[in-house]
Structure formats: C-alpha cells, structure tokens
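Trainee: How does the following fold in three dimensions:
(one chain, ligands or ions: 1)
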Amino acid sequence: MANQQRLLTTTGSLGPPALLDVSGLHRAFVTPAETVCAVRDVTFSAYAGEFVCIYGASGSGKSTLLNLIAGLDVADSGTIHVNGVDVGALDEGGRARLRLETIGVVFQDHLLIDEFTAWENVALPLEVRGFTGAEARASALAELERVGLAGLEDRLPSQLSGGQRQRVGIARALVGQRRVLLADEPTGSLDSANSRALFALIRKLCDQGTLAVVCSHDPMCQEFADTVYEMVDGRLRQREVARL
Ligand SMILES: Nc1ncnc2c1ncn2[C@@H]1O[C@H](COP(=O)(O)OP(=O)(O)OP(=O)(O)O)[C@@H](O)[C@H]1O
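Mentor: Okay, here's the model as predicted:
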C-alpha cells in the first residue's frame, strides 16, 4: 500500500504527504577520546501504512537515528517532520507530547511496569493525557485485543511470555491512535517463532495504517517490510523494496 502511495506521489498525482520526513540529519557524539559521527546526512521519507526496516551492524547508528526521530535526542543539524510537525522546533515538553499523541516507541526490553496489569500498563499514556479512567481502560482493552491479547488483560507482566510482553509494549506505544511506531530491536529477546509472530503483528498494524520504523539485526524483519534500508557508519542506503 505504502509503495503504491509513493508511486502516485512521484508521478505527480495528488498523493498523501509523507508521515515522516527526515532531511540531512547529522548527530555526532564528542568524547574526550574521539568524535563519533553516529548519523551522517540521513534523508528519507515514509508514509502511513509503510513498514520500514533498518538493519545494520552494531554501532552503525540505528538507535541514534530512532532516538532523534522520537525526540529523545536532538540532532546537530537537519530536520525531522512527523505528521507535518517540525520536531526540531519543539521544546522538551513538546517532544514529550508528540510521543504521547503521535509516536510510540518500543525497545528490546519491553519496559513494562511490573506491578501494573497488562491493561493498566497500556492505559498509562492515556491517563497522562487526561483521559478518564473508564475511557483509558476501554481504549487499553481494545488495543490489547488488536495485538492479540484479548483475555490476558488482567495478567501482570511476570505472568506473560516474552512475546506477549512485547505485544503489551506495542499496545502501549500505539494506544490513543498514535500513527507512528518506532521499534528498536523489538525481537532481540525473542526466539524465532515469537519473532516471526511479532513481525507479522507489526505488518498487520501497518496494513491498518500505522507507519512502523523498525531497527533490527534480524533478517526476518526484511520479509515483512515494504522498504529496507541498511545503515553503514551512520549513513542510510536503501537496499531493496521487499513488497509491493
Ligand atoms: N551517548 C553517546 N556518547 C558517545 N557515543 C555514543 C553515544 N551513543 C551512541 N554513541 C556511538 O554512536 C555510534 C552509533 O551508536 P548506536 O547505538 O546508534 O548504534 P546501533 O546501530 O544502534 O548499535 P546496536 O545495534 O549495537 O544497538 C556508536 O559508535 C556508539 O558508540
């Protein structure tokens, strides 16, 4: 779907605007020993419904790039627009709001709150946004159903498998109709069968309109993606279009 949208746009017809636009992005880390250019002149666009996979060796800059897009870090130069919003023009509070309302982030470690049930974990971002308890619970239950966890809402994280915990993390990242999912090694702690199921879930969410940008060492990710980039020494190269 996403590639068809892009074709329409590039042929001059009216197409939907990019949901994510990254242009000329640079980020260097200066330490007493050296300066590391973690992200160098990265430019790409991505669309609603697109599954973008970024793979690359350890230290190639994948996490740094995701952190910049999420507004968890600030670029030295270049721009990021998410749904038309210039992330670089936002202060820390504005970037936090963007994460609450538009961008959800998941990491290898699901970072759930151990004392909260699955639905309480998922409801948390909505409570922060000021939803009533009943609204937050209803939305959390619906999101858990969407990620295939209906019936497990009242379990604590310790009562769920690794794959199920990661699904709770994805539900928490997307609840409240957030349209962009950023995932950093989401299957890093999962076995092959659970990894496949998780990538299939992300594919399904993209088919429902989510834009997912997934950094992964796992080649399996590329089977599910619309667009595959390789990151080498901070630079992004498009490798192939895996699906049409
Ligand atoms: N806060 C920091 N201070 C100094 N250097 C950093 C910092 N964060 C990242 N780097 C360096 O930037 C480069 C890119 O790191 P990054 O974590 O983005 O890579 P990565 O591709 O995500 O690696 P991995 O797959 O191992 O997670 C590396 O050389 C790393 O050492």
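
Trainee: least trustworthy helix or strand in this structure by mean pLDDT?
Mentor: Taking mean pLDDT, DSSP states H and E as the measure, helix 2-10 is the helix or strand of the chain with the lowest mean score, a mean of 48.

Trainee: Show the subsequent helix or strand relative to that one.
Mentor: strand 20-30 (DSSP states H and E).

Trainee: Would you mind pulling up the elements that whichever helix or strand comes after that following strand packs against?
Mentor: Downstream of strand 20-30, the next assigned helix or strand under DSSP H and E is strand 35-46. Secondary-structure packing of strand 35-46 (3 or more C-beta pairs under 8 Å, 6 or more residues apart in numbering; DSSP states H and E): strand 20-30, helix 62-70, strand 77-82, strand 235-240. Every residue, glycine included, has its C-beta placed from N, CA and C.

Trainee: Next, the buried residues of strand 35-46.
Mentor: The neighbour-count criterion (16 or more other C-beta atoms under 10 Å) identifies 37-40, 42, 44-46 as the buried residues of strand 35-46.

Trainee: With stretch 151-170 instead?
Mentor: Neighbour counts over stretch 151-170 (16+ other C-beta under 10 Å) mark 152-153, 155, 157, 160, 163-170 as buried.

Trainee: rewinding a little: make a markdown table out of the helices and strands packed on strand 35-46 and add mean pLDDT.
Mentor: A markdown table is the format used below for these (pLDDT from 0 to 100):
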| stretch | mean pLDDT |
| --- | --- |
| strand 20-30 | 97 |
| helix 62-70 | 96 |
| strand 77-82 | 97 |
| strand 235-240 | 85 |
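
Trainee: Could you dump the buried residues of stretch 151-170 into a markdown table and include pLDDT and distance to the ligand?
Mentor: Below are those laid out as a markdown table (pLDDT from 0 to 100; distance: C-beta to the nearest ligand atom, whole Å):
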| residue | pLDDT | distance to the ligand |
| --- | --- | --- |
| Leu152 | 97 | 30 |
| Glu153 | 96 | 32 |
| Arg155 | 97 | 30 |
| Pro157 | 96 | 23 |
| Leu160 | 96 | 25 |
| Gly163 | 92 | 21 |
| Gln164 | 94 | 24 |
| Arg165 | 94 | 20 |
| Gln166 | 93 | 17 |
| Arg167 | 94 | 22 |
| Val168 | 96 | 22 |
| Gly169 | 95 | 17 |
| Ile170 | 95 | 19 |
